[in-house]
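Student: Sequence plus the predicted model coming up.
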Amino acid sequence: MSYEAYKDESLGFTTRQLHAGYNPAEHYRSKAVPIYQTAVFELGDYDRCVRLFDYSEEGHSYVRFSNPTNDVLEKRIASLEGGSAALSLASGMAAISNTFLNLCNSGDQIVAVQTLYGGSTTLLSHILPDYGITCRFVEDENDIESYRKEINEHTKAIYIEALGNPGMNIVDIEKIAELAHEYGIPLVIDNTFATPYLLRPFEYGADIVCYSATKYLAGHGIAIAGLVVENGKFDYLNGRFPQFESFYDEYKNCIEPEQLKRELFTKRLRIRFLTDLGAHMTPQTAFYLMQGMETLSLRMERHTYNAQKLAEFLQAHDKIESVNYPGLEENPYHELAKKYFPKGPGAILSINVKGGREAALKLIEHVRVFGYMVNVGDAKSLIVHPASSTHFGQTVEERAKAGVYENTLRLSVGIEDVEDLIHDLEQALEYVE
Ligand code: PLP
């Protein structure tokens, strides 16, 4: 019996999340993807060693560079995303920071929206500038001219997020991608809150997708993980990226040139940065991540269903001042949500509780199903008070820009029975004066 599902890209999303990239015949017919728990692989003979190190032969030598378990994961996410290649890294922040390092040399610049995950903002405003890579933040992320104003000859990428945190703001990805390509630069998007099940950014022109796979992709909240996927269409040899030109010249005689062009971003990321900065994902984490990803589409359906129901319940509650969820008609991002998120705009929402900080904290104190923690994207429902945790240390003005006030709570809606989630918040709200 031949098993072809691992490479059949015409199969549906849910089928591919279980089968893509893994051929049991190449692994002693083990049905589960094995964890290759080794640090190193035998080289065989001298000729093979040379072929592995000049990348003319695909294979594994040392686990800081690659591993068969991670290989399956990388092929699987590339398939789900509709991309040409992917790389697995130790965390979402490793995925994002290595992406910027691959795109920029000292003196280069990134143009980014202001409403980024805090770690990404810190990286772009305080860490990379010390190494000569700077960031210009756009003033109005909904106005395309705002992006144009910040682009100059040093700009090497535009960086956005699929769903902002905790404001759940949505940008017009298609228009921003068009603008980026007008200047010969790639659009990079953090798709953590959406996952490829809700949004496939390549279909709207994005060029690189980054993930904190710690969140929905894993779903179980047991591992820190990051992924980068490239779409295979962007031309890094367009004259704007000297580092990719020299890399291409170095490897074009070893790797088939058309394949090298399609995977140029990922190949350079692996060969230059994974190899010598050392932020590869462990094979055990890759295994955990694939366990979670096997149920991604089913979880995301339930997550978004629950989030919509909960948003509607909270909006009608007299102790709630406002609910921020793009699935609600009144939400300023509702039209963009209809365009980009026909399956539902994720499952994170923020609420402002009447009665200020005290009232918000009272609610947290009395929830019984929701867990009080800073993570998001877990199968279990989570709640947090951003002003005293994720956005602690920011000024009142900075927080207001992100939609964070003293009475704001962020909810990451899980996949429990929605009646239980509604009841949990209902009973906790009874304690709010
Ligand atoms: N991107 C987003 C949108 C996030 O929410 C996070 C973490 O919360 C990250 C990136 C960083 O990911 P990690 O914690 O896996 O490094």
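Tutor: Looks like it arrived, so ask away.

Student: nearest spatial neighbour of the closest residue to the ligand within the chain, skipping sequence neighbours?
Tutor: Among the residues of the chain, residue 92 lies closest to the ligand, at 2.3 Å counting by Cβ to the nearest ligand atom. Bear in mind the C-beta positions are built from the backbone N, C-alpha and C, glycine included. Using Cβ to Cβ, 6 or more residues apart in numbering and skipping residues adjacent in sequence, the residue nearest residue 92 is residue 212, 2.5 Å away.

Student: which residue is nearest the centroid of the protein?
Tutor: residue 211 (2.2 Å; Cα atoms, centre = their mean).

Student: Tell me the bridge partners for it.
Tutor: Taking DSSP bridges as the rule, residue 211 bridges to residue 227.

Student: Residue 273 belongs to a helix, doesn't it?
Tutor: Yes. Using DSSP: H, G, I helix; E, B strand; the rest coil, the assignment for residue 273 is a helix.

Student: Report all helices and strands that the longest helix along the chain contacts.
Tutor: Assignment by DSSP state H gives helix 296-315 as the longest helix of the chain. Under the contact definition 3 or more Cβ pairs under 8 Å, 6 or more residues apart in numbering; DSSP states H and E, helix 296-315 sits against helix 13-19, helix 195-198, strand 320-324, strand 348-353, helix 418-429.

Student: Just give me the neighbour total for residue 130.
Tutor: 7 (other Cβ atoms under 10 Å).

Student: so what pLDDT did it get?
Tutor: On pLDDT, residue 130 comes in at 98.

Student: and it, backbone torsions?
Tutor: phi -70, psi -20 (degrees, to the nearest 10).

Student: For it, give its distance to residue 87.
Tutor: Counting by Cβ to Cβ, to the nearest Å, the separation of residue 130 from residue 87 is 25 Å.

Student: how about the residues of this protein that lie near the ligand?
Tutor: 91-93, 117, 119, 161, 165, 190, 192-193, 212, 214, 224, 226 (Cβ under 6 Å from any ligand atom).

Student: Tabulate those (a markdown table), appending distance to residue 77, neighbour count and secondary structure.
Tutor: Converted to a markdown table, the residues of the chain next to the ligand look like this (distance: Cβ to Cβ, whole Å; neighbours: other Cβ atoms under 10 Å; DSSP: H, G, I helix; E, B strand; the rest coil):
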| residue | distance to residue 77 | neighbour count | secondary structure |
| --- | --- | --- | --- |
| 91 | 15 | 19 | coil |
| 92 | 13 | 25 | helix |
| 93 | 18 | 20 | helix |
| 117 | 19 | 20 | coil |
| 119 | 21 | 16 | helix |
| 161 | 18 | 24 | strand |
| 165 | 21 | 25 | coil |
| 190 | 14 | 26 | strand |
| 192 | 13 | 28 | coil |
| 193 | 16 | 26 | coil |
| 212 | 13 | 28 | strand |
| 214 | 14 | 24 | coil |
| 224 | 16 | 17 | coil |
| 226 | 11 | 28 | strand |
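
Student: sorry, back to before: report the distance from the longest helix of the chain to the chain centre.
Tutor: 20 Å (Cα atoms, centre = their mean, to the nearest Å).

Student: what angle separates it from helix 418-429?
Tutor: 40 degrees (axes from the mean of the first three to the mean of the last three Cα atoms, to 10 degrees).

Student: buried residues in helix 296-315?
Tutor: Buried positions in helix 296-315, judged by neighbour count with 16 or more other Cβ atoms under 10 Å: 296-297, 299-311, 313-315.

Student: remind me which residues of the stretch 51-200 of the chain are low pLDDT?
Tutor: Along the stretch 51-200 of the chain, no part satisfies pLDDT under 70.

Student: what ranges do the helices span in it?
Tutor: In the stretch 51-200 of the chain, the helices defined using DSSP state H, counting those that start in this stretch lie at 68-81, 92-103, 118-122, 144-150, 173-182, 195-198.

Student: what's the most buried one of those?
Tutor: helix 195-198 (a mean of 26; mean count of other Cβ atoms under 10 Å).

Student: Extract the C-alpha trace of it and format it as CSV.
Tutor: The C-alpha trace of helix 195-198 is given here as CSV (Å, rounded to 0.1, in the frame of the first residue of the first chain):
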residue,chain,number,x,y,z
THR,A,195,-3.3,30.8,12.7
PRO,A,196,-3.4,29.6,9.0
TYR,A,197,-6.9,28.1,9.7
LEU,A,198,-8.4,31.6,10.1
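
Student: what packs against that helix?
Tutor: When contacts are defined as 3+ Cβ pairs under 8 Å, 6+ apart, helix 195-198 sits against helix 68-81, helix 296-315.

Student: Any chance of JSON lines for those, columns distance to residue 149?
Tutor: Shown next, in JSON lines, are the helices and strands packed on helix 195-198 (distance: least, Cβ to Cβ, whole Å):
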{"stretch": "helix 68-81", "distance to residue 149": "31"}
{"stretch": "helix 296-315", "distance to residue 149": "35"}
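
Student: And those helices: which comes nearest residue 267?
Tutor: Closest of those to residue 267 is helix 68-81, at 12.1 Å (criterion: Cβ to Cβ).

Student: what's next to that closest one, contact-wise?
Tutor: Applying Cβ atoms under 8 Å, 6 or more residues apart in numbering, the external contacts of helix 68-81 come out as 9, 13, 16-17, 20-22, 27, 33-36, 60, 83-88, 196-197, 200, 202, 209, 211, 217, 227, 229, 280-281, 283, 286-287, 289-290, 293, 296.

Student: now swap in stretch 352-364 and tell me
Tutor: Contacts for stretch 352-364 (Cβ under 8 Å, 6+ apart): 318-322, 324, 372, 383-385, 387, 405-409, 425, 428-429, 431-433.

Student: buried stuff in stretch 53-62?
Tutor: Under the neighbour-count criterion of 16+ other Cβ under 10 Å, stretch 53-62 has 55, 60, 62 buried.

Student: how about that stretch as PDB, C-alpha atoms only?
Tutor: The C-alpha coordinates for stretch 53-62 follow below in PDB (Å, rounded to 0.1, in the frame of the first residue of the first chain):
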ATOM      1  CA  PHE A  53      28.000  20.900   4.500                       C
ATOM      2  CA  ASP A  54      27.800  22.600   1.100                       C
ATOM      3  CA  TYR A  55      24.000  21.800   1.200                       C
ATOM      4  CA  SER A  56      24.100  19.900  -2.100                       C
ATOM      5  CA  GLU A  57      22.600  16.900  -0.300                       C
ATOM      6  CA  GLU A  58      19.600  17.200   2.000                       C
ATOM      7  CA  GLY A  59      20.200  15.500   5.300                       C
ATOM      8  CA  HIS A  60      21.200  16.000   8.900                       C
ATOM      9  CA  SER A  61      24.500  16.400  10.600                       C
ATOM     10  CA  TYR A  62      24.000  18.400  13.800                       C
END
